[in-house]
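Chemist: Coordinates only, no sequence provided:
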């Protein structure tokens, strides 16, 4: 392995400014802290960097010497070496498989590694400044032997994702198994460019789908790892718009969790390399929402981002990337309305919210449920109790009908604020409905109208 393509241990050591001798000393110290001895020296580090795999104990000592928690070695050697202390797999020419392995660690083997906002911002910044990966040539070379399996996997993925939310408990496990197979194929290597492109594309699609499913069920660290795994694979494809969209999904998650500083940092990086107007419209719209929903709303930049989102959507045309093909006038209207509400412009905001909800096609009922929950939260914040209860009831009915736990959670988190108004007939009906058991929902969150009002745009 030449110096331009170093072993992951070499790269991890150099990133931390360690010599082979210093790393060996740290490994011996890690063993000593356990009352044990290690014979690690410079020559052994050199052997590991040349391809010899350390035993399990030595890997634990190495993890500690590199500033990583012991859970890091749950990923097979040498893939765990791509992690940094922030819990993020660094973006390199060979990081796609390690990022996938990190996301695919079985929950029962995982004590979730630390995943910091600084690590996510660092990854986005690394992507924004990295040289563009060359797009893989989909036509080069004769057909390979793996194409038929890839076609079979893709057909199966299409059927599984089309099965509907009622079956997600089972289809999510099957999609993860498919991603594990694709990861094994990527790790094998030796593929012609067309096959490699198909594998990275399918890996990104699967990881993206799994990220949203885990996010919808409140498994935020795992969702973030799937989004990052998808990012590593789209970066390998040289698809900057799709990569920017994945970073904006991480920003969406941050805003959902009320971390608007992180959301804005991530979106700023994503916008540096997003080119398609539909992609830029979505990113600017999410930026406007986060700026307006911040603890101290930033009015002028939020309105500027709204204008940019509208301008970009008007020039987007019909030929849009698949990952943002759903971006529409309805999303623009609702999120513009929500932004204006957060900025205090109530009358035009409510007109836009109503207009956007009516524009949504029936195929986007999950988004409609989120929009209705936003409406309920804002009516409630302005003490408009009857319309708030009607909107919340409609959202809850819809969420249960289509098995949308994130929407269910939003409405459930509003119920404590409704209880003082239980004498209203509409509120009484809502509270009765909210008290019914629902197997697919998350535990109700504590009411936080500010968090609901500040949630980012629905997918």
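Modeler: In hand now; what should we look at? Quantities reported herein were computed from a predicted structural model and do not represent experimental measurements.
Chemist: Walking through the stretch 151-300 of the chain, point out its helices one by one.
Modeler: For the stretch 151-300 of the chain, the helices defined by DSSP state H, counting those that start in this stretch cover 168-188, 193-216, 220-237, 240-256, 260-271, 277-293, 299-314.
Chemist: in the second one, what's buried?
Modeler: Which is helix 193-216. Across helix 193-216, burial judged by 16 or more other Cβ atoms under 10 Å covers 193-216. Any C-beta I mention is one placed from the backbone N, CA and C, and that applies to glycine too.
Chemist: Kindly report the same for the last one.
Modeler: For helix 299-314, the buried set under the neighbour-count rule, 16+ other Cβ under 10 Å, comprises 302-303, 305-306, 308-310, 312-313.
Chemist: Same question for the third one.
Modeler: For helix 220-237, burial by neighbour count (16+ other Cβ under 10 Å) applies to 220, 222-237.
Chemist: Now do that helix and helix 193-216, the angle between them.
Modeler: Here the directions of helix 220-237 and helix 193-216 differ by 160 degrees (axes from the mean of the first three to the mean of the last three Cα atoms, to 10 degrees).
Chemist: Please compute how far helix 220-237 lies from its chain's middle.
Modeler: Centroid displacement of helix 220-237 relative to its chain, using Cα atoms, centre = their mean, to the nearest Å, is 7 Å.
Chemist: What is it packed up against?
Modeler: helix 96-104, helix 117-129, helix 193-216, helix 240-256 (3 or more Cβ pairs under 8 Å, 6 or more residues apart in numbering; DSSP states H and E).
Chemist: Tell me which of these lies nearest to residue 380.
Modeler: Smallest distance to residue 380 across the helices and strands packed on helix 220-237 (Cβ to Cβ): 18.8 Å, for helix 240-256.
Chemist: how about residue 7, what does it touch?
Modeler: By Cβ atoms under 8 Å, 6 or more residues apart in numbering, residue 7 lies in contact with 1, 48-51, 78.
Chemist: next one: phi and psi at residue 328?
Modeler: Per-residue torsions, residue 328: phi -150, psi 180 (degrees, to the nearest 10).
Chemist: Repeat that for residue 387.
Modeler: Residue torsions, per degrees, to the nearest 10, at residue 387 are phi -60, psi -30.
Chemist: okay but residue 209 is in contact with residue 162, surely?
Modeler: No: taking contacts as Cβ atoms under 8 Å, residue 209 lies outside contact range of residue 162: 11.6 Å.
Chemist: count of residues packed around residue 426?
Modeler: If you count neighbours by other Cβ atoms under 10 Å, residue 426 ends up with 18.
Chemist: Setting the sequence-adjacent residues aside, check what's closest to it.
Modeler: Nearest residue to residue 426 in three dimensions, chain neighbours excluded: residue 389, at 3.7 Å (Cβ to Cβ, 6 or more residues apart in numbering).
Chemist: Tell me the confidence at the one you found?
Modeler: You'll see residue 389 listed with a pLDDT of 95.
Chemist: Can you name the residues that contact it?
Modeler: 376, 418, 421, 424, 426-427, 429-430.
Chemist: Now intersect these with the helices, please.
Modeler: 376, 418, 426-427, 429-430 (DSSP state H).
Chemist: now for these, which pair is the farthest apart?
Modeler: So, these by Cβ to Cβ: farthest apart are 376 and 429, at 13.4 Å.
Chemist: Compare neighbour counts for these two and give me the winner.
Modeler: residue 376 (28 against 13).
Chemist: Spell out for me which residue occupies the centre of this protein.
Modeler: The centroid of the chain falls nearest to residue 227 when counting by Cα atoms, centre = their mean (3.7 Å).
Chemist: Which residue is the nearest non-sequential neighbour of that one?
Modeler: Nearest residue to residue 227 in three dimensions, chain neighbours excluded: residue 211, at 4.3 Å (Cβ to Cβ, 6+ apart).
Chemist: before we move on, the earlier item: would TSV of the helices and strands packed on helix 220-237 with distance to residue 399 be doable?
Modeler: Shown next, in TSV, are these (distance: least, Cβ to Cβ, whole Å):
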stretch	distance to residue 399
helix 96-104	27
helix 117-129	29
helix 193-216	11
helix 240-256	16
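Chemist: what about the ones you listed, which gets the closest to residue 287?
Modeler: Closest of the helices and strands packed on helix 220-237 to residue 287 is helix 240-256, at 8.1 Å (criterion: Cβ to Cβ).
Chemist: Quick one: list the elements packing against that closest one.
Modeler: Short answer (3+ Cβ pairs under 8 Å, 6+ apart): helix 240-256 packs on helix 117-129, helix 193-216, helix 220-237, helix 260-271, helix 277-293.
Chemist: Number of residues surrounding residue 127?
Modeler: By the criterion of other Cβ under 10 Å, residue 127 has 22 neighbours.
Chemist: which residues touch it?
Modeler: With Cβ under 8 Å, 6+ apart, residue 127 has these contacts: 91, 231, 235, 243, 247, 269, 273.
Chemist: same thing with residue 11?
Modeler: Residue 11 sits next to 81-82, 92 when contact means Cβ under 8 Å, 6+ apart.
Chemist: Thanks a lot, see you next time.
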